[in-house]
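**Q** with the input below, show me the fold.
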Amino acid sequence: MKISEVMTREVRVAGPDMTLAEAARLMEELDAGVLPVSNSERLIGMVTDRDIAIRGIGQGLGPKAKVSEVMTEDVKYCYDDDSCDDIARNMGELQLRRLPVVSRDKRLVGIVSLGDLAVTMGPDGDAIGDSLAAISRPNGSDVHAH
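**A** Modelled structure (predicted):
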């Protein structure tokens, strides 16, 4: 099964010039802890609620600071035609709960979570169980959900 069959297609994004307060409100509205950051149609980063709290507020930036000041630019992603099994394994290895999904021309087309994969793959999805175990394993480093 391909990621395009299980991903969430309607993804709300933050712009790099969006304020931290605006991004936090959007996260609250969506009940999400992560937003892809895009300048027009290209994925340029990811921002998490943790980025806002630790890299933003924790470092003395106020609510009017820009998303670009706290986002992670080194974005891990997958392609919409990748297999669910492969991506589930990769998410575990990288300790990620969510991945943006891009087309082969690198346009953002969706986002996939371990939950999306678990629902689709069902109880026989060994890669999902392995991924959850890997994500839950402490590794002593600062791991972001992107």
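**Q** tell me where the protein has helices.
**A** 20-30, 49-50, 84-94, 114-121, 126-136 (DSSP state H).
**Q** and those helices, which one is worst for confidence?
**A** Lowest mean pLDDT of these: helix 126-136, a mean of 52.
**Q** for this protein, name the helix or strand with the lowest mean pLDDT.
**A** Using mean pLDDT, DSSP states H and E, the weakest-scoring helix or strand in the chain turns out to be helix 126-136, at a mean of 52.
**Q** would you mark the buried spots in stretch 98-115?
**A** Arg98, Leu99, Pro100, Val101, Val102, Leu108, Val109, Gly110, Ile111, Val112, Ser113, Leu114 (16 or more other C-beta atoms under 10 Å). Quick note: C-beta positions are derived from backbone N, CA and C, even for glycine.
**Q** isn't the third one up against Val75?
**A** Yes. Using C-beta atoms under 8 Å, Pro100 is in contact with Val75, at 6.6 Å.
**Q** any idea how far Gly115 is from Leu43?
**A** Distance of Gly115 to Leu43, given as C-beta to C-beta, to the nearest Å: 21 Å.
**Q** sorry, slip of the keys, the one I care about is Leu35.
**A** From Leu35 to Leu43 the distance is 11 Å (C-beta to C-beta).
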